[in-house]
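sequence and predicted structure are below.
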Amino acid sequence: MNIEQNKNEDRMKLLLSEMKHHLVKIRLGGGTKRIAKQHKQGKLTARERVDYLVDHGTDWLELGAFAGFEMYEEYGGCPAGGVIVGLGYVSGRLCIIVANDATVKAGAWFPITGKKNLRAQEIAMENHLPIIYLVDSAGVFLPMQDEIFPDKEHFGRIFRNNARLSSAGVPQIAAIMGSCVAGGAYLPIMSDEALIVEGTGSIFLAGPYLVRAAIGEDVDKETLGGAKTTTEISGICDYKCENDQQCLDTIRELMSHLGEPDTAGFDRAEPAPPKEKEEEIYRIFPYDSGKPYDTVEILKRLVDDSKLTFYKKDYGKTIICAYARIDGWSVGIVANNRQVVKNAKGEMQFGGVIYSDSADKAARFIMNCNQKKIPLVFLHDVTGFMVGTRSEHGGIIKDGAKMVNAVSNSTVPKFSIVMGNSYGAGNYAMCGKAYDPRLIVAWPTAKIAVMGGAQAASTLAQIQVASYKAKGQVLSEEDEKALLDKISQRYEHQTRAYYAAARLWVDAIIDPLETRKWISTGIAIANHAPVEHFNVGVIQT
């Protein structure tokens, strides 16, 4: 191992250590005092409920752990967006679990909470995946109601999705394990089955205080919408449970009776580990995002037996297209090649840049995978499409459009791993969040932005300097440098993986060594839903 590889490994381990440190704090939710308060009420915390519910010894993949990271600080923050979401097995069935964290502002919904819930329902809908809601929420966070209540992708969309999921035959089970008030009361009752915990669970459109204010009636919470009322009088709940544990046991029992789902029929052979050592990814992947490296060596540490069947290996070399298996699943891989290469004319091409020939190759490969019903895996480390006179005259826009068209119309499941850079239209062509990957995750080294930091900061600084000059103000060299540094720092902060994960542009930040597990689980959930017919539409040749 050389000095450069040592630096790579040290940098990656440092980033992973930082990530784990943040996660420890995030998993405390609203803090130890609020956790103790919840325990005193006889309730498990959201994370304890999830741990109890999922099958022991199986993987739990948490989605959106960094949702809300460094956001809403004027309100004390919103760890994990105030709701725990993830993929796990319950009674042997893979499902998605949504659990309100009542230690965070009593489980109230911030804007990011709504976005995270909608993402969970989107995954359930796309993959025909059973969804379990563990409800314990005070409803909309009123100081921000204008950003969570009325719009298309806001709070009300949750209940519309409840109805659509039910119509599509996707099982939904909801447990009322704490407060469930106002509009939020529709979620469990629009699910297929609802459970409620005695003493702690309650559900009503208006709580005792609002009832007293609105109609002058004096009523307590239990009489209004407690377990006895909802299971014996109104009949809106189906199961009454003595405590959290019995409620979760009942959910496990209900899940055990589900029929087997239809499958898409994706091919899976006997899983095999890579022949090359996976942990060597830490050494190969560069600490400096501008440095070239051999992407194939990364792929060999991700795929079964380190075996790759390359498509058009010697054409369009700045994108690698290959068939392989990951944990036994057949996949088509589209990865940015970060090495400097020569094309057929002997011209040098920059690594990580998409040229016309590589875009054309990738588009054809994506269409082939759709034709053969093979899931697609995109590995991002892209700075964008090639620019300049030669590229424009060569039709880079047309060839780039082919690739974007193929990605947009692809009907096989797509999974995106953002390893390094994911800039500009390169993000789109490589199946960024806007192009409906079933799952999109980032390594701690990921950077997502419209362009690289140095170029963007320089451009923004030039615009601001010109603005000052137009007003008759002339900046000194020192002032211009200070302005550039300030813009650079802000822009670099906005390109970080944490910034993207906080806003759910990616579903998770992961250790590179967990990449295989995430892809395998992703294909397993996607296998629950049939694949539609592929029609790429109009592509210019």
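Thanks, I have the structure now.

check whether Ile519 really touches Val331, as I assumed.
Yes: the pair Ile519 / Val331 is scored as a contact, 7.2 Å apart, by CB atoms under 8 Å. C-beta: built from backbone N, CA, C; applies to glycine.

joint contacts of these two?
Common neighbours of Ile519 and Val331, counting by CB atoms under 8 Å, 6 or more residues apart in numbering, are Val377.

neighbour count winner among the two?
Taking neighbours as other CB atoms under 10 Å, Ile519 and Val331 compare with Val331 leading, 26 against 23.

state the distance from the spatially most distant residue from the centre of the chain to Ile487.
Each residue of the chain has a distance to the centre, and by CA atoms, centre = their mean the biggest one is for Gly472: 47.1 Å. Noted for Gly472: a distance of 22 Å to Ile487, by CB to CB, to the nearest Å.

which helix is the longest one in the chain?
Taking DSSP state H as the criterion, the chain has its longest helix at helix 3-26.

for it, packing partners?
Applying 3 or more CB pairs under 8 Å, 6 or more residues apart in numbering; DSSP states H and E, we find helix 3-26 packed against helix 281-284.

buried set for the next helix or strand after the helix it packs on?
Using DSSP states H and E, the helix or strand that follows helix 281-284 in sequence is helix 295-300. Across helix 295-300, burial judged by 16 or more other CB atoms under 10 Å covers Thr295, Ile298, Leu299, Lys300.

between those residues, which sits nearest Leu23?
Checking the buried residues of helix 295-300 against Leu23 by CB to CB gives Ile298 as the nearest, at 24.3 Å.

pLDDT on stretch 158-169, on average?
What stretch 158-169 shows for mean pLDDT is 94.

what residues of that stretch count as buried?
Ile158, Phe159, Asn161, Asn162, Leu165.

can you map out the helices along the stretch 351-500 of the chain?
Under the criterion DSSP state H, counting those that start in this stretch, the stretch 351-500 of the chain contains helices at 356-371, 389-393, 396-409, 424-429, 453-470, 477-495, 497-502.

same list (these) but as CSV, adding mean neighbour count and distance to Gly68.
Below are those laid out as CSV (neighbours: other CB atoms under 10 Å; distance: least, CB to CB, whole Å):
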stretch, mean neighbour count, distance to Gly68
helix 356-371, 22, 34
helix 389-393, 11, 40
helix 396-409, 21, 29
helix 424-429, 22, 22
helix 453-470, 14, 24
helix 477-495, 14, 16
helix 497-502, 22, 6
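
and the ones you listed: which comes nearest Glu70?
Minimum separation from Glu70 across the helices of the stretch 351-500 of the chain (CB to CB) falls at helix 497-502, 6.2 Å.

who touches that closest one?
The contact list for helix 497-502, computed with CB under 8 Å, 6+ apart, reads 22, 64-71, 112, 418, 442-448, 493, 506, 508-509.

cool, and stretch 18-29?
Residues from elsewhere that reach stretch 18-29 (CB under 8 Å, 6+ apart): 35, 45-47, 65-66, 69, 79-80, 101, 103-104, 444, 498, 509, 511.

which of the residues you listed count as buried?
Among the contacts of stretch 18-29, those classed as buried by 16+ other CB under 10 Å are 35, 45-47, 65-66, 69, 79-80, 101, 103-104, 444, 498, 509, 511.

so what's the gap between stretch 267-277 and the chain middle?
25 Å (CA atoms, centre = their mean, to the nearest Å).

which residues touch Gly77?
The contact partners of Gly77, taken as CB under 8 Å, 6+ apart, are Gly68, Met71.

try His39
By CB under 8 Å, 6+ apart, the residues touching His39 are Thr45.

verify the stated contact: Thr231 with Cys241.
No: applying CB under 8 Å, one finds Thr231 not in contact with Cys241, separated by 9.7 Å.

anything in contact with each of those two?
Taking CB under 8 Å, 6+ apart as the criterion, Thr231 and Cys241 both touch Ile196.

more neighbours: those two, which one.
Cys241 (24 against 19).

show me what contacts that one?
Listed by CB under 8 Å, 6+ apart, the contact partners of Cys241 are Ala175, Leu195, Ile196, Val197, Glu198, Ala227, Cys247, Thr250.

could you check the pLDDT of it?
98.

cool, Arg496 as well?
Arg496 is given a pLDDT of 94.

how much space separates it from Glu278?
Distance of Arg496 to Glu278, given as CB to CB: 25 Å.

and what of Val353?
Look at Val353 and Glu278: by CB to CB, they are 28 Å apart.

tell me which of the two has more neighbours.
Using other CB under 10 Å as the criterion, Val353 and Glu278 rank with Val353 on top: 22 against 17.

in the stretch 151-300 of the chain, which spans are strands?
172-181, 193-197, 202-204, 239-241 (DSSP state E, counting those that start in this stretch).

name the stretch among those strands that sits most buried.
Comparing the strands of the stretch 151-300 of the chain by mean neighbour count (mean count of other CB atoms under 10 Å), strand 172-181 comes out on top with a mean of 26.

please identify the pairing partners of that one and their relative orientation?
Strand 172-181 has the following strand partners under DSSP bridges: strand 131-137 (parallel), strand 193-197 (parallel), strand 202-204 (parallel).

dump that strand to PDB, restricted to CA.
What follows is strand 172-181, C-alpha atoms only, in PDB (Å, rounded to 0.1, in the frame of the first residue of the first chain):
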ATOM      1  CA  GLN A 172     -51.200  -1.000   5.300                       C
ATOM      2  CA  ILE A 173     -51.300  -1.600   9.100                       C
ATOM      3  CA  ALA A 174     -51.400   1.300  11.500                       C
ATOM      4  CA  ALA A 175     -50.900   1.200  15.300                       C
ATOM      5  CA  ILE A 176     -52.100   4.100  17.400                       C
ATOM      6  CA  MET A 177     -49.500   4.100  20.200                       C
ATOM      7  CA  GLY A 178     -49.800   7.700  21.400                       C
ATOM      8  CA  SER A 179     -51.500  10.900  20.200                       C
ATOM      9  CA  CYS A 180     -53.200  10.800  16.900                       C
ATOM     10  CA  VAL A 181     -55.100  14.100  16.400                       C
END
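
average pLDDT for that strand?
94.

for Ala380, give its distance to Ala429.
Just so we're on the same page, residue 380 is His rather than Ala. Look at His380 and Ala429: by CB to CB, they are 10 Å apart.

no no, Asn162
If you measure Asn162 against Ala429 using CB to CB, the figure is 35 Å.

got it, and Ile96?
According to CB to CB, Ile96 stands 28 Å off from Ala429.

what do you get for Ser256?
From Ser256 across to Ala429, the span is 44 Å (CB to CB).

between the buried ones among the contacts of stretch 18-29, which is closest to Ser358?
Pro444 (26.8 Å).

closest one of the buried ones among the contacts of stretch 18-29 to Val536?
Nearest to Val536 among the buried ones among the contacts of stretch 18-29, counting by CB to CB, is Ile509 at 32.7 Å.
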